[in-house]
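Peer 1: sequence unavailable; structure follows:
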């Protein structure tokens, strides 16, 4: 298994404030899950679609995947790493930890 790099919620929040244009935030949950709320500025790309869209992702940006708790987004990171992309990160704890830290959720 390819190593998965992680970013914590506080670090992501700071990076989104400082250099949001350099970060591509991808929510790998299903559209039904995303309808309940998402991190502002994120794009929905369900986990099962990533292999079909891998060539469309701009790998010059830092890509941060997230899901509900971090398990599916870790799979997305491992897949991208297997394709030779090394600037991908998993949001540790997912949107659950994001919300627990009191950070905004867009509906």
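Peer 2: Looks like it came in fine. None of these values were measured; they are calculated from a predicted model. Numbering: from 1, shown residues only.
Peer 1: contacts for stretch 37-44, please.
Peer 2: With CB atoms under 8 Å, 6 or more residues apart in numbering as the test, stretch 37-44 has contacts from 16, 20, 24-27, 29, 31, 34, 66, 95, 98-99, 103-107. In short, each C-beta sits where N, CA and C put it, glycine included.
Peer 1: and with 10 Å instead?
Peer 2: 9, 12-13, 16, 20, 23-31, 33-35, 57, 64-66, 91, 94-95, 98-99, 103-107 (CB atoms under 10 Å, 6 or more residues apart in numbering).
Peer 1: these in strands, which ones?
Peer 2: Mapping the contacts of stretch 37-44 onto strands (DSSP state E) picks out 23, 24, 25, 26, 27, 64, 65, 66, 91.
Peer 1: packing partners for the longest helix anywhere in the chain?
Peer 2: Identified as the longest helix of the chain according to DSSP state H is helix 71-82. In terms of contacts (3 or more CB pairs under 10 Å, 6 or more residues apart in numbering; DSSP states H and E), helix 71-82 is packed against strand 6-7, strand 23-27, helix 50-53, strand 62-66, strand 88-91, helix 94-100.
Peer 1: ok, now with 8 Å
Peer 2: The contact analysis (3 or more CB pairs under 8 Å, 6 or more residues apart in numbering; DSSP states H and E) places helix 71-82 against helix 50-53, strand 62-66, strand 88-91.
Peer 1: spatially central residue for this structure, please.
Peer 2: residue 65 (1.7 Å; CA atoms, centre = their mean).
Peer 1: list the residues that contact it.
Peer 2: Residue 65 is in contact with 26, 27, 28, 73, 74, 76, 77, 88, 89, 90, 91, counting by CB under 8 Å, 6+ apart.
Peer 1: which one of those sits closest to residue 45?
Peer 2: Taking CB to CB as the measure, residue 26 is the one of those closest to residue 45, at 5.0 Å.
Peer 1: tally of neighbours for that closest one?
Peer 2: 24 (other CB atoms under 10 Å).
Peer 1: for the longest helix of the chain, buried residues please.
Peer 2: 72, 73, 74, 75, 76, 77, 79, 80, 81 (16 or more other CB atoms under 10 Å).
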